[in-house]
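Enquirer: quick one, structure for this:
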Amino acid sequence: MQKAAEQALTEELDKKGGKFGVSQGALVSMDPNGAIRALVGGRNYAESQFNRAVAAKRQPGSAFKPFVYLTALERGLTPETVRDDAPINVKGWRPENYSREYFGPVTLTNALALSLNTVAVRLGLEVGPKSVVSTAHRLGIQSELQPNASIALGTSEVTPLELVTAYAPFANGGIGVQPHIITRVRTADGKLLYQRRGSSNGRLIEPQYVAMMNTMMEETLQTGTAKKAALPGWQAAGKTGTSQDFRDAWFVGYTSALVTGVWLGNDDSSPTKHASGGNLPVDVWSKYMRSALKGQPAASLPGGAWRPVNLPPPPASIPVSRGPDPAGPSAAPGASPVASAPRASGQPVQLGRSARPRTDDDLLPPEDVGERSAARDGGPREKNFLEKLFGG
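Expert: Next comes the predicted model:
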């Protein structure tokens, strides 16, 4: 699996890295119990020993949205709950969809699959940013997260290892895991020096919400932003993510056997050439997963199937399988619309076409809503367990 992961990352970057302006990447793959099966910290270890899989903190973009939606489900909403995809103004901050198109009333399932930003922000405000942060920390995110309105769009930085760990409960039925590499240590003559005693943090998500989340994130691979990631024979689910100006591209996807996350970008945080979660990261993920799962009997995701009641059809002409991932915190400057779709109620609803160039501050609401994370501004942060074990 380690060899397959290294090959998938380097081969896809060799073929398409120049086209997309991507120079680096990372991959973390673990089984649903937290045992790490593959971990790639960069394109070439001989050229750079910095381990991006465990030490690089980057904005997850829409790959963070599952924590928003889970929080909403745990407060009584369902995948068929309808919310408005329409312009929103949070004290002067106006997040918008990548395509700058809006579809009016949509189900949460469609909103998550298509990564509609205005719905995520509405949900985040509805349940409260502090509740979203609490959910993310409960599932396995260790980094400091800022409880402001933009948290719904993944503007607080995390590591690939953290994000994959936090997705593991979706793949194992709701149990929190402790990521680990070593299970036991023996001497040359067989004497047992160390035996891992467990890796479970107990139940973190009730089964009914696991089923709901898996249903919603499976739709992302079937009709949404990660349609290219489908694995023949396997029930798979996941979420794409793209940060502002295409600086970070993510895909975290899982089956009942493996949870794998891919990050791609540049070490200096320079913008890529429209690398998004739905293109290059999905290609790396698919190449690796098909090799890693080869020969294993396909199995369904845990938690059973959630069956909606009178689920409305998707809005007409939603761009479910074309264009880059609409997962950035707001539409990237100069980016082309994903597709031309009818606006809700036939009214023009495009916002934010200011002549002023966008800046990084556009990701954040006003200061009285929240401030930047200390880690982003160079402040101290606590090292995770792999950094403590191996340094970095």
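Enquirer: please count neighbours and contacts with C-alpha atoms only from this point.
Expert: Noted.
Enquirer: in contact with the closest residue in space to Glu74 that isn't next to it in sequence, which residues?
Expert: Of all residues beyond its chain neighbours, the one nearest Glu74 is Tyr209 (7.1 Å), with distances taken as C-alpha to C-alpha, 6 or more residues apart in numbering. The neighbourhood of Tyr209, defined by C-alpha atoms under 8 Å, 6 or more residues apart in numbering, consists of 70, 73-74.
Enquirer: distance from the chain centre to the helix or strand hosting Tyr209, please.
Expert: With elements taken from DSSP states H and E, the one containing Tyr209 is helix 207-222. Relative to the chain's own centre, helix 207-222 is displaced by 14 Å; criterion: C-alpha atoms, centre = their mean, to the nearest Å.
Enquirer: what distance separates the helix or strand following it from the centre of its chain?
Expert: Past helix 207-222, heading to the C-terminal end, the next element that is a helix or strand (DSSP H and E) is strand 237-242. Strand 237-242 has its C-alpha centroid displaced from the chain centroid by 4 Å (C-alpha atoms, centre = their mean).
Enquirer: just checking, what packs against strand 237-242?
Expert: In terms of contact count using 3 or more C-alpha pairs under 8 Å, 6 or more residues apart in numbering; DSSP states H and E, strand 237-242 is assigned the packing partners helix 207-222, strand 248-254.
Enquirer: hey, which of the ones you listed is tucked in deepest?
Expert: Across these, the average number of neighbours (mean count of other C-alpha atoms under 10 Å) peaks for strand 248-254, which reaches a mean of 32.
Enquirer: ok, and what's touching that strand?
Expert: 58-61, 63, 163-164, 167, 171, 236-243, 259-266, 269, 271-272, 275-278, 280-282, 285.
Enquirer: buried subset of these?
Expert: Listed as buried from those are 58-61, 63, 163-164, 167, 171, 236-243, 259-265, 271-272, 275-278, 280-282, 285; burial here means 16 or more other C-alpha atoms under 10 Å.
Enquirer: Leu39 contacts Leu27, correct?
Expert: Yes. Counting by C-alpha atoms under 8 Å, Leu39 sits close enough to Leu27 to count as a contact (5.7 Å).
Enquirer: out of the two, name the residue with the larger neighbour count.
Expert: Shown here are Leu39 and Leu27; by other C-alpha atoms under 10 Å, Leu27 has more neighbours (33 against 25).
Enquirer: without its sequence neighbours, what residue ends up closest to the more buried one?
Expert: Taking C-alpha to C-alpha, 6+ apart as the measure, Leu27 lies nearest to Val262, with 4.6 Å between them; neighbours along the chain are not counted.
Enquirer: for that neighbour, give me phi and psi.
Expert: Dihedral angles phi and psi of Val262 (degrees, to the nearest 10) take the values phi -130, psi 130.
Enquirer: am I right that Ser29 is in a strand?
Expert: Yes. Judged by DSSP: H, G, I helix; E, B strand; the rest coil, Ser29 forms part of a strand.
Enquirer: SS state for the closest residue to it other than its chain neighbours?
Expert: What sits nearest to Ser29 in space, not counting adjacent residues and going by C-alpha to C-alpha, 6+ apart, is Thr260, at 4.2 Å. Under the three-state scheme (three-state DSSP), the conformation of Thr260 reads as strand.
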